[in-house]
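Visitor: Any chance you can model this:
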Amino acid sequence: MVFAGCGSDACQDDAGCESGYRCADPGGIFFAKSVCILASALPDAGPDSGGPDSGGPDSDANADVSHDIVDTEDAGDDVFEAGCTGGSCPTHCDDGLLNGDETDIDCGGGLCEPCADEQKCSTHADCASASCFFGVCTPDRCGYAWTPISSTRQPSGRRGHQMAYDARRERVVLFGGNDGLLLADTWEWDGKDWTLVANSGPPARFNHAMAYDPVLERVVLFGGESTELHGDTWLWDGERWTSAPIAPEPRRNAALVYDAESGGVILFGGIGGDDDVVYGDTWLLAAGSWSQVSNSGPSPRWNHAMAADSARDQIVLFGGSDLNTAYADTWQWGRAGWTPRAIAGPPARASAAMAFDPTLGQSVLFGGFSSVRLGDSWIYDGVDWKESAGASPSPRSQMSMVYDAARRHTLLFGGWNGSQIFRETWAFVPRADCP
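Guide: I've put the predicted structure just below:
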């Protein structure tokens, strides 16, 4: 059977339907009420079935019907029997309509062929080019690439530093790291230049964790290492650092991101003790105090990468290592806690950097270390990973990345390749060779 479009209005009787349609009960599987259905598609539509407004064969009411109607001869009765629910129709990949989980007409989603360039998409898998950017399929050569940014002033080359974006002040904040000496300096990036804004606050350290909390309107710093491991918490308000409550055990190479659902910053993992205790715990700093919220999920690890996917209200975690093995797994944190994603993606690595880019709608991962330093870039749309073919910084690890909302791009600074420490600022931007 065929009905008058997906999500037709409920009716009480035939008078509530347009000419050529009848009010009928579709069977109660997907509809709670009767709806207007093309009269000629009803099983009892015969010589005796219609009056002047019924749409039966003795009526000429069907002559000017021009609604979006599936052809019964091509689609068969199963079109109607599958029904629509919640305003969503079953997928039919050859009916000239946008329905089911199609992302554009008769393409994309889980059942239809991939879409052509310029058609709408939700993930890379929706596109024949395997490139979905800004919700549109693009030629495979399009997308994003890294480009270096020059500035008059900049921090010394370093590794193991951290950055966070201060949304209230529209500044990228960088603290600490190791340039051969341990550092305790605070720098800010305004889109044009780096400025040294403080030389006091947390003791010198590297391999700490840092994130911005929009509820506190503060940058939060936790842990790290110097001549000892740190378990302290510090807050940056744009002018000065202040100490905050201490709770998780001292550790380094943990990851920290803001979680809007929890209303605070989430910390996972790290390594402590005498570099022999690897953590797999999850902590939340909210309402001025730390609390452990989970001790399950990803296996204990350190040097992993995390990003807060604000488009999907989830945290994405990739890779890291335990004392012996580097990982290539993807996890997501949400209302149900940690959930593994059984998908292929970047090769196993530790010491990579990752940030969520809301302009792109995807998480961006760069570099890291496996048996060698890596210089590849990957993007994750919440469903699939895709390697970015654009230009990248040279292979490195222990750099830091953050999304700069005021400038609408992901920013990267520093890192090292095992012998050389880098003093470079890079931005992940649309490729210049895209049409």
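
Visitor: quick one: contacts of stretch 107-126?
Guide: Stretch 107-126 is touched from outside by 91, 93, 100-106, 127-132, 135-139, 381-384, 386, with contacts defined as Cβ atoms under 8 Å, 6 or more residues apart in numbering. In short, each C-beta sits where N, CA and C put it, glycine included.

Visitor: Give me the buried subset of these.
Guide: 91, 100, 102-106, 127-129, 131-132, 136-138, 381-382, 384, 386 (16 or more other Cβ atoms under 10 Å).

Visitor: among those, which are in strands?
Guide: Counting by DSSP state E, the buried ones among the contacts of stretch 107-126 place 132, 136, 137, 386 in strands.

Visitor: how close does the second one sit to residue 216?
Guide: From residue 136 across to residue 216, the span is 37 Å (Cβ to Cβ, to the nearest Å).

Visitor: beta partners for residue 166?
Guide: Counting by DSSP bridges, residue 166 is bridged to residue 171.

Visitor: residues in contact with it?
Guide: 172, 173, 188, 212, 219, 236, 238.

Visitor: Sort out which of those residues are buried, if you could.
Guide: 172, 173, 188, 212, 219, 236.

Visitor: Do I have it right that residue 130 meets residue 385?
Guide: No. Here residue 130 lies out of contact with residue 385, judged by Cβ atoms under 8 Å, at a distance of 11.3 Å.

Visitor: and of the ones in strands among the buried ones among the contacts of stretch 107-126, the nearest to residue 401?
Guide: Here the nearest of these to residue 401, counting by Cβ to Cβ, is residue 386; it sits at 17.6 Å.

Visitor: for the closest one, what are its contacts?
Guide: Applying Cβ under 8 Å, 6+ apart, the residues near residue 386 are 124, 130, 131, 378, 379, 380.

Visitor: quick one on the thing from earlier: which of the contacts of stretch 107-126 fall in helices?
Guide: Under the assignment DSSP state H, the contacts of stretch 107-126 contribute nothing to helices.

Visitor: Strands of the stretch 301-435 of the chain, residue ranges please.
Guide: Counting by DSSP state E, counting those that start in this stretch, the stretch 301-435 of the chain has strands at residues 305-309, 314-318, 330-334, 337-341, 353-357, 362-369, 373-380, 385-388, 400-404, 409-413, 425-430.

Visitor: wait, which of those strands is closest to residue 324?
Guide: Using Cβ to Cβ, those put strand 362-369 closest to residue 324, at 14.2 Å.

Visitor: Quick one: mean pLDDT for that closest one?
Guide: What strand 362-369 shows for mean pLDDT is 97.

Visitor: ok, now stretch 257-264?
Guide: Rounded mean pLDDT across stretch 257-264 is 96.

Visitor: Contacts for that stretch next, please.
Guide: 211-215, 265-266, 284-287, 293, 306-308, 310, 313, 315, 333-335.

Visitor: ok, of these, which come out buried?
Guide: The buried subset of the contacts of stretch 257-264 (16+ other Cβ under 10 Å) comprises 211-213, 265-266, 284-286, 293, 306-308, 315, 333.

Visitor: out of those, which one sits closest to residue 362?
Guide: Out of the buried ones among the contacts of stretch 257-264, the member with the shortest distance to residue 362 (by Cβ to Cβ) is residue 307, at 9.7 Å.

Visitor: For that closest one, name its beta-bridge partners.
Guide: Residues in beta-bridge contact with residue 307 (DSSP bridges): residue 316.

Visitor: My read is that it contacts residue 315, right?
Guide: Yes. Counting by Cβ under 8 Å, residue 307 touches residue 315, with 7.2 Å between them.

Visitor: Run through the stretch 151-300 of the chain and note the low-pLDDT ranges.
Guide: Along the stretch 151-300 of the chain, no part satisfies pLDDT under 70.

Visitor: show me where it has strands.
Guide: According to DSSP E, counting those that start in this stretch, the strands that the stretch 151-300 of the chain contains are 162-166, 171-178, 182-189, 194-198, 209-213, 218-225, 229-236, 241-244, 255-259, 264-272, 277-286, 289-294.

Visitor: Quick one: closest of those to residue 14.
Guide: Of those, nearest to residue 14 by Cβ to Cβ is strand 255-259, at 53.5 Å.

Visitor: Report how many residues lie close to the residue lying closest to residue 353 once chain neighbours are set aside.
Guide: In space, and not counting its chain neighbours, residue 353 is closest to residue 401: 3.9 Å by Cβ to Cβ, 6 or more residues apart in numbering. By the criterion of other Cβ atoms under 10 Å, residue 401 has 24 neighbours.
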